[in-house]
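Enquirer: pasting the sequence and the predicted coordinates here, then a few questions.
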Amino acid sequence: MASRALLSRHSLPFFRFYSCYFPALFHFTPSPLRYIVYPFHRVQRIHLYCSLAHQQLDEIAQPELSCFNNTIHRLSHRRSFSEVLLVYVTILRNGHLPNGLTLPCILKACTALPALFFGCAVHAHIIRLGFEAATFIQNGVIVMYSRFGEISTAHKVFDLLSLRNVVSWTSIMSGYAQNGFPLEALHIFRTMRLDSPIIPDFIALVSVLKAYIDVGDLDQGRCVHGLVVKFGLEDEPDLLITLTSLYAKCGQVNTARSMFDQVFSPELILWNAMISGYAKNGHADEAVELFKKMVARKVRPDSITLRSAILACAQVGSLEAAKWIWEFVSNSELKDDVFVNTAIIDMYAKCGSVVLARRVFDNIPQKDVVVWSAMIMGYGLYGQGKEAISLFHEMIQSQVRPNDITFIGLLSACKHAGLVHDGRKYFYLMRNHGVEPRHQHYACLVDLLARAGHLEEAYEFIKGMPMAPEVTVWGALLNACRIHGQVELGKYAAERVFAIEPWNAGHYVQLSNIYASAGLWKDVARVRVLMRERGATKAMGFSSIEINGKLQSFYAGDKSHPRSKEILAMTDELERKLKKSGFLPHMDSVLHDLGPEEKELSLCNHSERIAMAYGLICTPPGTTLRITKNLRACVNCHSASKLISKLVEREIIVRDANRFHHFKDGFCTCGDYW
DNA sequence: TTAGGGTTAG
């Protein structure tokens, strides 16, 4: 048998040398003499399926190696990788030795399937056949081990390679990047530039750019862009895609867009890079607009495009846009894609329609843990804690195992609904389901306990945490101290929070509000000075409202809208109506130490009130108003909105930074718990 | 005549 003849030609020291470098190749074989045939010796009969390539082979009595190689290449081209491996076994059994044309294809098949066990054996064959210095073949070995996550083995192969070309360097570099080690990938690129005469080609530059995107280093990415220009590769379409992605992901969407616009007829992957870049950087409107443009140009979106566009719609919070994309998905071939459908559930939940989210959920035949978790999270956002819990039990009954995300959904649903008892119960049940609580779970429970007034219990719970409490934990305690007017504990929590995020003005505002409620004006002034000294800034609050599918945004005290006079008249009217029905403004919601009248004025100028007024003048009676706010709703606006919903007989749905508030007949679905 | 890369991540 040829394989045995081959083995006898090689010495044992050779085997020992390689076995210390690549133990995985040898651990399954009791004797080096057996290992080359090991994966195949049990294959008694080769089942040649009905492929034409095989039939042709069968017709030849004694096929030459070149015939086998032709067959392998044809099968590889058709991506019939299992059959490629079967032909390889046939080659060995027919007494042939694979050559330099056979092996790269076999490695590719092992990588694609994936078949690590088979791949290790093929690597052993490569060594035995004396191809250890064949760069072309060894590059394939590097890629194979990288794809299997065996990056250190891949690196050993790379180290032993005497002649490395640009593909060898790119293979090991991208291997590191793909295995989550972008810094190592960049180190390899630097070594290549400094220690070798190799000039990077466009694929090498794409790989290094990807690594810089992963570490978020725009400056270094720009340097690589300089190299691209230096090598005259700026028109290379694949580099344009990666450069667009670099600028988009690093927040430079305008630069990204100018690169995108250079291409007359962008291919799908470039559309995806730009749309997802917009969606990820808070430019949701542009993402949706670009997606519509793409559809109008008859470019067929794939699952990635749809997920990015759906994410953008979820961020916009526009139900009209959400319905539009859902209709688009329903008419596309991706209507049964479970990933796309889960994104739709998430989007509907975030756009304020838990009913539509549930409809999509019910239509998914095979629900995995993420589908269930998305729906549980949706109920939670909407304050429907009991529904979330009942869905959780349904999920368990369906034999789907919950994961840590499921419990974040469940606990935050309990939190939004104030279900303290249930929250506690499910937190301690997590381990029974094989899920170890992470920091986020602890933060959720602290928030739940503290909001409900169990401040001491929350504090004790924090002290017992097995990890260092982060800002979310102390922030939750601080917020609860504001709600319950706990000055001392609030002061302590604020100190912890300031130590972690001294630049975040929101925390200073919280402490200041605690002092203001207690009438400690000197302390209020002190916090304000501290805030200024540390250069803390607060995000400008704004609210958006969708009218006839078009979003209109307003800042606090905004007078820039062309219909500003009418809006002002409506806010005044609302204020009059509120006063007439006995509404007392919550002065604590104002940080500034203003006089009572100025305070009132400042409160009714909050952005959501202006958006509401605009909605009222633009829509017929009875229309539901849908408002999105970038910050949390303040106590005053929340109370006023409840009453306004009754006074003007409208349903008002407000999505704040945290959750939904559905105001109807003087009540809110959150039950004043947020 | 066969290798390496880029879009996402519910």
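Expert: Yep, that arrived.
Enquirer: I'd like the distance between A:Q384 and A:I241.
Expert: From A:Q384 over to A:I241 the distance is 42 Å, taken as Cβ to Cβ, to the nearest Å. C-beta: built from backbone N, CA, C; applies to glycine.
Enquirer: pick out whichever of those two has more residues nearby.
Expert: A:I241 (23 against 19; other Cβ atoms under 10 Å).
Enquirer: look up how far DNA strand B lies from that one.
Expert: Distance, A:I241 to DNA strand B, by Cβ to the nearest atom of the strand, to the nearest Å: 4 Å.
Enquirer: now do the contacts for that residue.
Expert: A:E267, A:I269, A:L270, A:A273 (Cβ atoms under 8 Å, 6 or more residues apart in numbering).
Enquirer: dihedrals phi and psi, the residue in the stretch 551-674 of chain A that DNA strand B sits nearest to?
Expert: Of all residues in the stretch 551-674 of chain A, A:R655 sits closest to DNA strand B, at 17.0 Å by Cβ to the nearest atom of the strand. Reported as degrees, to the nearest 10, the phi and psi values for A:R655 are phi -100, psi 110.
Enquirer: which SS class is the residue nearest to A:I275 when sequence neighbours are not counted?
Expert: Nearest residue to A:I275 in three dimensions, chain neighbours excluded: A:S308, at 4.7 Å (Cβ to Cβ, 6 or more residues apart in numbering). Secondary structure, DSSP: H, G, I helix; E, B strand; the rest coil: A:S308 is helix.
Enquirer: buried sites along the lengthiest helix in chain A?
Expert: Of all the segments of type helix in chain A, defined by DSSP state H, the longest one is helix A:564-580. Using 16 or more other Cβ atoms under 10 Å as the test for burial, helix A:564-580 gives A:I567, A:M570, A:T571, A:L574, A:E575, A:L578.
Enquirer: can you give me the strands for chain A?
Expert: Taking DSSP state E as the test, the strands found in chain A are A:542-547, A:550-555, A:625-629, A:652-655, A:660-664, A:667-668.
Enquirer: rewinding a little: what's the mean pLDDT across the longest helix of chain A?
Expert: The average pLDDT within helix A:564-580 is 87.
Enquirer: what's that helix packed up against?
Expert: Other helices and strands packing on helix A:564-580, by 3 or more Cβ pairs under 8 Å, 6 or more residues apart in numbering; DSSP states H and E, are helix A:596-604, helix A:607-618, helix A:635-647.
Enquirer: mind putting those into JSON lines with mean pLDDT, distance to DNA strand B and mean neighbour count?
Expert: As requested, the helices and strands packed on helix A:564-580 are exported to JSON lines (pLDDT from 0 to 100; distance: least, Cβ to the nearest atom of the strand, whole Å; neighbours: other Cβ atoms under 10 Å):
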{"stretch": "helix A:596-604", "mean pLDDT": "62", "distance to DNA strand B": "37", "mean neighbour count": "15"}
{"stretch": "helix A:607-618", "mean pLDDT": "87", "distance to DNA strand B": "27", "mean neighbour count": "24"}
{"stretch": "helix A:635-647", "mean pLDDT": "85", "distance to DNA strand B": "29", "mean neighbour count": "21"}
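Enquirer: which non-adjacent residue is nearest A:A476?
Expert: A:D447 (3.8 Å).
Enquirer: list the buried residues for stretch A:175-190?
Expert: A:G175, A:Y176, A:A177, A:Q178, A:N179, A:F181, A:P182, A:E184, A:A185, A:L186, A:I188, A:F189.
Enquirer: so what's the residue in chain A positioned nearest to DNA strand B scoring on pLDDT?
Expert: Per Cβ to the nearest atom of the strand, A:D238 is where chain A lies closest to DNA strand B, at 1.9 Å. A:D238 is assigned a pLDDT of 92 by the prediction.
Enquirer: pretty sure it sits against A:A204.
Expert: No: look at A:D238 against A:A204 with Cβ atoms under 8 Å: they stay out of range, at 11.5 Å.
Enquirer: the more surrounded of those two?
Expert: Just comparing A:D238 and A:A204: by other Cβ under 10 Å the higher neighbour count belongs to A:A204, 21 against 15.
Enquirer: who are the contact partners of the residue nearest to that one when sequence neighbours are not counted?
Expert: Closest residue to A:A204 apart from its sequence neighbours, by Cβ to Cβ, 6+ apart: A:T170 at 4.6 Å. Counting by Cβ under 8 Å, 6+ apart, A:T170 makes contact with A:P200, A:D201, A:I203, A:A204, A:S207.
Enquirer: circling back: got a markdown table for the buried residues of helix A:564-580, with distance to DNA strand B too?
Expert: Below are the buried residues of helix A:564-580 laid out as a markdown table (distance: Cβ to the nearest atom of the strand, whole Å):
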| residue | distance to DNA strand B |
| --- | --- |
| A:I567 | 36 |
| A:M570 | 37 |
| A:T571 | 37 |
| A:L574 | 37 |
| A:E575 | 41 |
| A:L578 | 39 |
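Enquirer: wait, isn't A:H416 in contact with A:L381?
Expert: Yes: with contact defined as Cβ under 8 Å, A:H416 counts as touching A:L381 (7.0 Å).
Enquirer: neighbour count winner among those two?
Expert: Per other Cβ under 10 Å, whichever of A:H416 and A:L381 has more neighbours is A:H416, with 27 against 22.
Enquirer: excluding sequence neighbours, find me the nearest residue to the more buried one.
Expert: In space, and not counting its chain neighbours, A:H416 is closest to A:G383: 4.9 Å by Cβ to Cβ, 6+ apart.
Enquirer: pLDDT value on that neighbour, please?
Expert: pLDDT at A:G383 comes out at 86.
Enquirer: gap between it and A:R659?
Expert: 7 Å.
Enquirer: between these two, what contacts are shared?
Expert: Shared contacts of A:G383 and A:R659 (Cβ under 8 Å, 6+ apart): A:H416, A:C670.
Enquirer: out of the two, which sits in the busier spot?
Expert: When A:G383 and A:R659 are compared for neighbours, A:G383 comes out ahead with 25 against 20, by other Cβ under 10 Å.
Enquirer: close enough to count as contact, A:K335 and A:V329?
Expert: Yes: counting by Cβ under 8 Å, A:K335 touches A:V329, with 5.7 Å between them.
Enquirer: okay, those two: which has more neighbours?
Expert: Taking neighbours as other Cβ under 10 Å, A:K335 and A:V329 compare with A:V329 leading, 22 against 14.
Enquirer: domain ranges for chain A, per the record?
Expert: A:1-131, A:263-366, A:376-533, A:542-668 (automatic domain parsing).
Enquirer: worst average pLDDT in those?
Expert: Of all these, mean pLDDT reaches its minimum on domain A:1-131 (a mean of 68).
Enquirer: will you turn the contacts of A:I241 into TSV that also has neighbour count and distance to DNA strand B?
Expert: Below are these laid out as TSV (neighbours: other Cβ atoms under 10 Å; distance: Cβ to the nearest atom of the strand, whole Å):
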residue	neighbour count	distance to DNA strand B
A:E267	12	6
A:I269	16	4
A:L270	21	7
A:A273	26	4
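Enquirer: give the contact list for A:K642.
Expert: A:F663, A:G666, A:F667, A:C668.
Enquirer: what subset of the residues you listed is buried?
Expert: Among those, those classed as buried by 16+ other Cβ under 10 Å are A:F663, A:C668.
Enquirer: count of neighbours near A:Q399?
Expert: Residues lying near A:Q399 (other Cβ under 10 Å) number 6.
Enquirer: what do you get for A:Y442?
Expert: Around A:Y442 there are 23 residues (other Cβ under 10 Å).
Enquirer: distance of it relative to A:F461?
Expert: A:Y442 sits 8 Å away from A:F461 when distances are taken as Cβ to Cβ.
Enquirer: and if you look at A:V206?
Expert: In terms of Cβ to Cβ, A:V206 sits 49 Å off from A:F461.
Enquirer: good, wrapping up.
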